[in-house]
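**Q** Take this sequence and fold it.
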Amino acid sequence: MRRVRLRPFIVLSALLLGLATVMLPACGGSSENVDPQAVLKASSAAMKQIQGFHFVYEVHTPSNAKPGSGLEISRITGDVNAEGDMQATIDVTQGGIPLTLDFVQVGETQYLKLLGKWQTIPVESSPVGKLSLSAGTIQILDRIADATYEGQDSKGGVDCYHISGKVAAAEVEAIAGAVDTTDTFPTDLWIGIEDSFVYEVDVHGPATPSEPEGIWRSIVLSNLDVYVDIQPPI
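**A** All right, here's what the predicted structure looks like:
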């Protein structure tokens, strides 16, 4: 089995790449005329141009799952701008004990607030690592297989196309942290009908043998195309 190292924030941006010429009627009109590939390509183009967004990234575990012994991310809430800088609060568990960490990334430098003081930290020691929700989402948009139009839903008060498909393990690395499988991941996306922005991505399935069956990850986006000026905290 090939081990693939996956980090959440890279995946969100890469998922949306790849624009082809899209005829507008292919994305709109009656539900039977919606082309899921056209919806994904239009969304990839739109997400590449946005100035930033707010996000909530969450790992959903079954209620009967046993807590792990190491550091596990349960939720990340924050903002990303067009440069890929990020500010967030990270909810983690360490040996089953919940903790909340303040985090900033500007360029290639990461900062973590420890014992009330900001410190720079190497990527290999970071709870986020190379996580890239922006790049990861774009990557999924561009490389999702077996895309299927599931209908229309509302997300955050916005009318969206619901598209499902499968994503290879290598494409999930930016949003899963670490992946030790060659399996594909069932994935659902909700994409705005009018603006082609991504409002939610759900990725289902365990990324490593230690994760329980029934685990899934969600990224919920809001304040799309709103720039956030993120500065180094020290």
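**Q** what's around Ile50, how many residues?
**A** Neighbour count of Ile50, defined by other Cβ atoms under 10 Å: 22. To be clear about C-beta, it is placed using only N, CA and C from the backbone, and glycine gets the same treatment.
**Q** in the protein, which helix has the most residues?
**A** The residue-count maximum for a helix in the chain (DSSP state H) belongs to helix 36-49.
**Q** what mean pLDDT would you report for that helix?
**A** Average pLDDT, helix 36-49: 95.
**Q** for stretch 223-234, same thing?
**A** For stretch 223-234, the mean per-residue pLDDT is 95.
**Q** How far does that stretch stretch from one end to the other?
**A** Terminal residues of stretch 223-234 lie 27 Å apart, using Cα to Cα, to the nearest Å.
**Q** mind listing what's buried in it?
**A** Of all the residues in stretch 223-234, those buried under the rule 16 or more other Cβ atoms under 10 Å are 224, 228, 230, 233.
**Q** same deal with stretch 97-110?
**A** Buried residues in stretch 97-110, counting neighbours by 16+ other Cβ under 10 Å, are found at 101-106, 110.
**Q** now stretch 171-184: mean pLDDT?
**A** Mean predicted lDDT for stretch 171-184 stands at 75.
**Q** Check stretch 203-211 too.
**A** Stretch 203-211 comes out at a mean pLDDT of 88.
**Q** Just the endpoints, please. Distance across it?
**A** Note: stretch 203-211 ends 14 Å apart using Cα to Cα.
**Q** So which bits of it are buried?
**A** Buried residues in stretch 203-211, counted by 16+ other Cβ under 10 Å: 203-207, 211.
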